[in-house]
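Engineer: A structural model of the following input is requested.
(chains A and B)
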Protein chains: 2
Amino acid sequence: MEERLSIGVDLGGTTIKMAIVDYKGTIVEKWNIPTDTSNNGRNISNDIANSIEDKLKTLNIDTSLIEGIGMGAPGFINMENGFIYKAVNLGWENYPLKDDLEAKTGLRVHVDNDANIAALGEMWMGAGNQASNMICITLGTGIGGGIILDGKILHGVNGMAGEIGHITSIVDGGAPCNCGKTGCLETIASATGIARIATEGLDQHPESKLHAFLSEKGRITSEEVFMTAAENDEWAQQVIGIITQHLGLAIANLSAALNPSKIVIGGGVSKADQDLLKPLKEAFAKYALPRVYEGADFAIASLGNDAGVIGGAGLVFNGNLKS
Amino acid sequence: MEERLSIGVDLGGTTIKMAIVDYKGTIVEKWNIPTDTSNNGRNISNDIANSIEDKLKTLNIDTSLIEGIGMGAPGFINMENGFIYKAVNLGWENYPLKDDLEAKTGLRVHVDNDANIAALGEMWMGAGNQASNMICITLGTGIGGGIILDGKILHGVNGMAGEIGHITSIVDGGAPCNCGKTGCLETIASATGIARIATEGLDQHPESKLHAFLSEKGRITSEEVFMTAAENDEWAQQVIGIITQHLGLAIANLSAALNPSKIVIGGGVSKADQDLLKPLKEAFAKYALPRVYEGADFAIASLGNDAGVIGGAGLVFNGNLKS
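Structural biologist: Got it, this is the predicted structure:
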């Protein structure tokens, strides 16, 4: 165990993941507590502060060894002052998270959004392999994005950088997105989007094995689409073709601007591994400039659920991450 | 005149623009020499070195006052060591420009690509108004792009960052681009692209006033498209609608990732000013997330032909630009 330690906190709508992480990115201890969203989430920072205090006591780690807390939160955040404008799932609105948690723990607190800290975690200790220019895309229920340039999270002018899920990929007639627009990448290449596309086209494909899942459980998951495609189901393969074309095009277009060295794909959909990466890289190759293509490696995120707590801890050491 | 000076050089295929610029971004003196592309461009660096020496002598400025030369060049460049892989217009291939010019002038030389130094110039002294996060798009014969993040030019892993002209905007059936792909933004929203689209659709619009230009001179220019649109020509207006939709979508998608504070449009096409900006901003608003839209100001590049020499000089002071 290195002497320099920090605490990563990954705040989700149902669980708060926490870890004590050393300067080299090694997890010393990790644990979870449930997210108490009652009373507009007013107990959350108390719960975090108490849980950290207990854990440090149990492990006999002096608080003075902890350089700070790095925390990922959902919603609209001002990264400069750790102020949460709105986090619907938690009931927070205009909540000074950083100040509150600093007061309760006596530790310096850094706040960023959850997709960004996951990207930082993957860059530091995961599939990003310390690439200084990296795009991280999390394909889950929605699509999260984090962009690392020169080793730092890109925030943009008002904290919205990295909102890759809201790239418009279908200009006319796209599905409605939660953001209010239509045709966003999130409506296509998220787990939800994949399931929707597979389901909507199923009528035209009476031979598809995906019918069995739909009649059995009333729904199709993106996992089942990849599984069925691997069994040579034509419609399932077409769906993967559609979604990787959109995703590959969006990544190629981003890469024309950013020229990244690494593109990391995470989230539930990334469990499909090469069944996703192979057609995705083919689509990318089709739309990327040759030198941009040569410069960019693809990888599946490797830290799984730990990306957030490691990236959170990394925020504390940011600008100075070593492994 | 400030004591700290640098020299900006903007190397084009027919003219080499040069300027002595002070630390505050003021041009002390500017002049041009023709680009001698004979003998595979082997006289160019000599011509630049001699011209600078003569100019400093004439102005009675001691070389010791010059902190360095910042130079924009066309082609594929390694910005780290100022090595030109290939610059077709100049006849250069595998040419160590930086080393050569440093040997000939005794001054420190910084090399970057021409679109990037123009962006840096606009950020420093022009329409960028010192925005630290800025996208600069030059709509000329082609489309050049420069991205400034945290006040510095973004280069990417192998110097290709900012190649906004090669964002694929028409996935199927787009026009062939010089880069080898099809449907690039450059084939649509450059001066060349606008003229091509206007000309190709003219048969279906016998009423358009653009026919007069075509029969008179055998071609239509993008300037004439904007001029004719201002006279309420329906087809010319449709063309502007098409190209601003593509450009606005591309900028909105980039902005979902970068969340810039400023978007500067330069090049010949930008002379259309509000006739371009108004429909462009409308298209941007349609495809951008509300907070991203709120964060981003559009402006027409204001330095004209001086952007390159000012940005080149800015390279020398980079990381420390004041006005």
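Engineer: got the residues of the stretch 101-250 of chain A near chain B?
Structural biologist: A:133, A:135, A:145, A:147, A:149, A:154-164, A:166-168, A:171, A:179-181, A:245, A:249-250 (CB under 8 Å from any CB of the partner chain). To be clear about C-beta, it is placed using only N, CA and C from the backbone, and glycine gets the same treatment.
Engineer: out of those, which are inside strands?
Structural biologist: Among these, DSSP state E puts A:Ile135, A:Gly145, A:Ile147, A:Leu149 in strands.
Engineer: Pick out the most distant pair among those.
Structural biologist: The most widely separated members of these, counting by CB to CB, are A:Gly145 and A:Leu149 (13.0 Å).
Engineer: More neighbours: these two, which one.
Structural biologist: Between A:Gly145 and A:Leu149, A:Gly145 has the larger neighbour count (other CB atoms under 10 Å in any protein chain shown), namely 27 against 22.
Engineer: neighbours of the spatially closest residue to the more buried one that is not a sequence neighbour, just the number please.
Structural biologist: Leaving aside its sequence neighbours, A:Gly145 sits nearest to A:Ile164 (CB to CB, 6 or more residues apart in numbering or on different chains; 3.2 Å). Look at A:Ile164: counted by other CB under 10 Å, it has 27 neighbours.
Engineer: got the contact list for A:Ile164?
Structural biologist: Taking CB atoms under 8 Å, 6 or more residues apart in numbering or on different chains, we find A:Ile164 in contact with A:Ile135, A:Ile137, A:Ile143, A:Gly144, A:Gly145, A:Leu185, A:Ala250, A:Leu254, B:Ala256, B:Ala257.
Engineer: If you rank these by neighbours, which is first?
Structural biologist: Counting neighbours by other CB under 10 Å, the top entry in those is A:Leu185, with 31 neighbours.
Engineer: thinking that residue is in contact with A:Glu163, fair?
Structural biologist: No. Counting by CB atoms under 8 Å, A:Leu185 stays clear of A:Glu163, with 9.9 Å between them.
Engineer: Relative to A:Phe83, how far out is the closest residue in space to A:Gly82 that isn't next to it in sequence?
Structural biologist: The spatial neighbour of A:Gly82 that comes closest, neighbours along the chain excluded (CB to CB, 6+ apart), is A:Lys98 at 2.3 Å. A:Lys98 sits 7 Å away from A:Phe83, going by CB to CB, to the nearest Å.
Engineer: Same question for A:Thr199.
Structural biologist: A:Thr199 is 40 Å from A:Phe83, by CB to CB.
Engineer: Next, the contact list for whichever residue of the stretch 201-323 of chain A sits closest to chain B, please.
Structural biologist: Among all residues of the stretch 201-323 of chain A, A:Asn259 sits closest to chain B, at 2.3 Å; criterion: CB to the nearest CB. By CB under 8 Å, 6+ apart, A:Asn259 lies in contact with A:133, A:292, A:295-296, B:154-163.
Engineer: So among those residues, which ones count as buried?
Structural biologist: The neighbour count (16 or more other CB atoms under 10 Å in any protein chain shown) marks A:133, A:292, A:295-296, B:154-163 as buried among the contacts of A:Asn259.
Engineer: quick one on the thing from earlier: nearest to A:Ala283, of the contacts of A:Ile164?
Structural biologist: Nearest to A:Ala283 among those, with distances taken as CB to CB, is A:Ala250, at 9.5 Å.
Engineer: correct me, but the closest one touches A:Gly165?
Structural biologist: No. At 9.5 Å, A:Ala250 does not count as touching A:Gly165 under the criterion of CB under 8 Å.
Engineer: list residues touching both of those two?
Structural biologist: Common contacts of A:Ala250 and A:Gly165, defined by CB under 8 Å, 6+ apart, comprise A:Leu185.
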